[in-house]
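**Student:** Sequence unavailable; structure follows:
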């Protein structure tokens with residue numbers, strides 16, 4: 001998702017299409033958040 005957002009952001013900036021730039025930024029931010037937040041309850045157990 002991060003790579004797709006980055007590609008759309010670059011295409012939007014080069015082609016001067018603001019819709020692609022906006023979608024690219026949103027996908028980039030969401031992808032980074034999903035990579036940083038652990039999903040599915042994977043926590044480290046300390047014994």
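**Tutor:** It's in. What you are looking at is a predicted structure, and each value in this text was computed from that prediction instead of being measured.

**Student:** Going by neighbour count, which residues of stretch 11-21 are buried?
**Tutor:** 12, 20, 21 (16 or more other CB atoms under 10 Å). No exception for glycine: its C-beta is placed from N, CA and C like everyone else's.

**Student:** Over to the closest residue to the last one other than its chain neighbours. Which of the three states is it?
**Tutor:** Okay, so that is residue 21. Nearest residue to residue 21, sequence neighbours excluded (CB to CB, 6 or more residues apart in numbering): residue 12, at 3.3 Å. Secondary structure for residue 12, judged by DSSP: H, G, I helix; E, B strand; the rest coil, is helix.

**Student:** Distance-wise, check residue 12 relative to residue 36.
**Tutor:** 24 Å (CB to CB, to the nearest Å).

**Student:** Could you double-check that residue 19 sits in contact with residue 8?
**Tutor:** No: counting by CB atoms under 8 Å, residue 19 does not reach residue 8; the two are 9.5 Å apart.

**Student:** all helices in this structure, in order from the N-terminus.
**Tutor:** 2-15, 18-36 (DSSP state H).
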